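Novice: sequence and predicted structure below; questions after.
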Amino acid sequence: MAFEIPKISYSGAIREISIGTPERRLTVGGETSYPFYLFEGKMPHEPVVAFEVYDSPPEEWPPAVSQYFQDVFSDPILWVKRCIDQYQAQLICLRLVSADPNGANRPADEVASLVKEVASATPVPLIVWGCENAEKDAEVLPKVAEVCQGYFLIIGPATDKNYKKIGAAAIAYQHTLVASTPIDINLAKQLNILLGDLGVPDHQILMDPNIGGCSLGYGIEYTYTVMERARQAALTQDDKKLQFPMVANFATDVWKKKEAKITMEEEPKLGDPEKRGILLEALTGVTLLLAGADIVVMRHPVAIKLVQKTIKKLMETQKE
């Protein structure tokens, strides 16, 4: 008697979200089963890795990763070009660190002008990620949305403190919005409801579980559980307010960890710092993909390559 793998019947599906102009369109989502459960359903679109780029030179990147980009740190357009030409990036995440009130506090008009220059020079879809100060992002991101009309960006994060201004801009200028909540399924659902009430169309919403200090350890177990519960509700309970693709923006957190930055001289037992950082980032990325992320934002080219190879390997069974 042949063995039959037990299968779950899913009543829901994740929405497909398309970003970018018609010439550089990218679609994520569309899953009809748990991540990579290809014996039960379909993943019509592979998860995507976005290369992280800053709008100004980063100050705290360790040598293990900065060595790949330090000669283009001062020019985000050249930085993007490096990611695309040398590392075949399909998606770019431009972080607006210069807007941070605790840093350079660059004016909204200046930041938006730079973003438009980058968007104009970038031949792949673009995520524009604010400085994560809710008040400043509410000032900067609507301006970015306005000047970049027609580029169909992903803009965020939008939180419960600023979603009205950022959401209104997403509606007016037809950009996709990242709804960000602090690792809580109920808060995530509530923000999605609020965005819907505001008038943001479902096809313009992505979820960010705001993984925070998630890299390997207790934090990532908690994060995995929350993301998994969101997918369970979306797929098995047909909860339409959780049927959105998820973004996991974790590179900054991984590379600020002591284990990723400490040198061989300081702690020789931990081994080579670059290999250590690569493994931390790659393992975090794969774990979050298995939890349901459709887009992961990463930094180290070697870690990204490892994650992309893992995605290809996991997707092979769908082609058989």
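Specialist: On my side now, so go ahead.
Novice: can you read off the pLDDT for P6?
Specialist: For P6, the pLDDT comes out at 83.
Novice: quick one, phi/psi of it?
Specialist: Backbone torsions of P6, given as degrees, to the nearest 10, read phi -60, psi 140.
Novice: from R229, how far out is S11?
Specialist: Using CB to CB, to the nearest Å, S11 is found at 16 Å from R229. Yep, even glycine has a C-beta here, placed from its N, CA and C like the rest.
Novice: the more surrounded of these two?
Specialist: Comparing S11 with R229 by other CB atoms under 10 Å, the one with more neighbours is R229, at 16 against 10.
Novice: buried ones in the helix or strand bottoming out on mean pLDDT in the chain?
Specialist: Ranked by mean pLDDT, DSSP states H and E, the weakest helix or strand in the chain is helix 258-261, scoring a mean of 83. For helix 258-261, a neighbour-count test (16 or more other CB atoms under 10 Å) marks E259, A260, K261 as buried.
Novice: alpha carbons of that helix, as PDB, please.
Specialist: Taking Å, rounded to 0.1, in the frame of the first residue of the first chain, the C-alpha atoms of helix 258-261 are listed here in PDB:
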ATOM      1  CA  LYS A 258      27.800  42.000  19.000                       C
ATOM      2  CA  GLU A 259      28.300  38.600  17.500                       C
ATOM      3  CA  ALA A 260      28.400  40.100  14.000                       C
ATOM      4  CA  LYS A 261      30.800  42.900  14.800                       C
END
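Novice: which residues are contacting that helix?
Specialist: By CB atoms under 8 Å, 6 or more residues apart in numbering, the surrounding residues in contact with helix 258-261 are P62, A64, V254, W255, L270, P273, R276, G277, L280, E281.
Novice: pretty sure the first one contacts R276?
Specialist: No: the pair formed by P62 and R276 falls short of the contact definition of CB atoms under 8 Å, at 10.2 Å.
Novice: now I19: phi and psi?
Specialist: The phi/psi pair for I19 (degrees, to the nearest 10) reads phi -130, psi 160.
Novice: returning to what we had before: gap between the least confident helix or strand of the chain and the chain center?
Specialist: A distance of 22 Å separates the centroid of the chain from that of helix 258-261, by CA atoms, centre = their mean, to the nearest Å.
Novice: before we move on, back to that, make a PyMOL selection of the buried ones in the contacts of helix 258-261.
Specialist: Buried residues among those (16+ other CB under 10 Å), as a PyMOL selection:
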select buried, resi 62+64+254+255+273+276+277+280+281
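Novice: where is pLDDT lowest across the contacts of helix 258-261?
Specialist: Checking pLDDT across these, the minimum falls on L270 at 84.
Novice: in contact with the closest residue in space to N162 that isn't next to it in sequence, which residues?
Specialist: The shortest distance from N162 to any non-neighbouring residue, by CB to CB, 6 or more residues apart in numbering, is to A138 (3.8 Å). Each residue near A138 by CB under 8 Å, 6+ apart is listed here: K161, N162, K165, I166.
Novice: just the ones of those residues in strands?
Specialist: If you go by DSSP state E, the contacts of A138 have nothing in strands.
Novice: quick one on the thing from earlier: among the contacts of helix 258-261, which ones are in helices?
Specialist: Counting by DSSP state H, the part of the contacts of helix 258-261 found in helices is A64, V254, W255, P273, R276, G277, L280, E281.
Novice: now do the helices in the protein.
Specialist: Along the chain, counting by DSSP H, helices occupy 63-66, 76-87, 108-121, 134-147, 163-173, 185-198, 218-236, 251-256, 258-261, 273-291, 301-319.
Novice: these: lowest mean pLDDT?
Specialist: Mean pLDDT is lowest for helix 258-261 among these, at a mean of 83.
Novice: circling back: out of the helices of the chain, the one nearest V53 is which?
Specialist: Closest approach to V53 among the helices of the chain (CB to CB): helix 76-87, 4.9 Å.
Novice: which strands or helices does the closest one pack on?
Specialist: Contact here means 3 or more CB pairs under 8 Å, 6 or more residues apart in numbering; DSSP states H and E; on that basis helix 76-87 packs against strand 48-54, strand 92-95, helix 108-121, helix 301-319.
Novice: lovely, talk soon.
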